[in-house]
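> what shape does this take:
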Amino acid sequence: MSHWRWKTCSRLTEFGLSGLIVFMISYVGASTFRNYVGYISAIDGSSMTPTFNPNGKSEDYVFFSTWAIRRYAIKRGDVVALTHPRKPATILIKRITALEGDEISNSLRYRNVIIPRGHCWVEGDGSNSLDSNIFGPIAIGLIVGKASFIVWPYNRWTKVESFNPHNE
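Have a look, this model is predicted:
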């Protein structure tokens, strides 16, 4: 009887250790992929309509490239994920409309702003957007991903196009 218990405990311990090792490898692999390559995120809200969630419902899932951000491969017109400058736990999705050295003169709150070094100006595609018109230029370091592809729903699977809504 004691022999049976010992074998069972040994197998459970062996499974527990191997399960823990598999979990750790999976976690490290997923974290590495997310930090160095990219991740998929649901788009919530209407500030980027019609680019995302054109029906007014939160339904789009987008692949965000962290690789592009690590290489500083961003330009005017790119859609990016960024950390909210006043609420660090919140991520915003916006379009870059100006980069350092550009002058913004069409802002509601800020008139004739020259974007400082290491900053950019971001705006939502929709009319109701919490963006640079509210909190001014955004530090490039707050950008955490560049939108690359809409991956869900499958009928909207497409590359996210870069364009400058102000045609500057």
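
> Pro50 and Glu161, how far apart?
12 Å (Cβ to Cβ, to the nearest Å). Quick note: C-beta positions are derived from backbone N, CA and C, even for glycine.

> ok, the most centrally placed residue in the chain - contacts?
In the chain, the C-alpha nearest the mean C-alpha coordinate belongs to Ala81, at 3.4 Å (Cα atoms, centre = their mean). By Cβ atoms under 8 Å, 6 or more residues apart in numbering, the residues touching Ala81 are Ser41, Phe64, Ile91, Leu92, Ile93, Ile143, Val144, Gly145, Lys146, Ala147.

> ok, Phe52 next?
Phe52 makes contact with Ile43, Asp60, Val62, Ile93, Ile150, according to Cβ under 8 Å, 6+ apart.

> out of those residues, give me the two with the largest separation.
Taking Cβ to Cβ, the two most distant members of the contacts of Phe52 are Ile93 and Ile150; they sit 11.9 Å apart.

> mutual contacts of the two, please.
Between them, Ile93 and Ile150 share these contacting residues under Cβ under 8 Å, 6+ apart: Phe52, Val62.

> give me the more crowded residue out of those two.
When Ile93 and Ile150 are compared for neighbours, Ile93 comes out ahead with 25 against 21, by other Cβ atoms under 10 Å.

> what about that one, which helix or strand?
Using DSSP states H and E, Ile93 sits within strand 91-99.

> that strand packs against which elements?
Here strand 91-99 touches strand 79-83, strand 119-123, going by 3 or more Cβ pairs under 8 Å, 6 or more residues apart in numbering; DSSP states H and E.

> and the last one, which strands flank it?
If you go by DSSP bridges, strand 119-123 pairs up with strand 91-99 (antiparallel), strand 138-139 (antiparallel).

> of all these, which lies closest to Glu123?
Of all the strands paired with strand 119-123, strand 91-99 sits nearest to Glu123, with 5.1 Å by Cβ to Cβ.

> could you give the angle of that closest one to strand 79-83?
120 degrees (axes from the mean of the first three to the mean of the last three Cα atoms, to 10 degrees).
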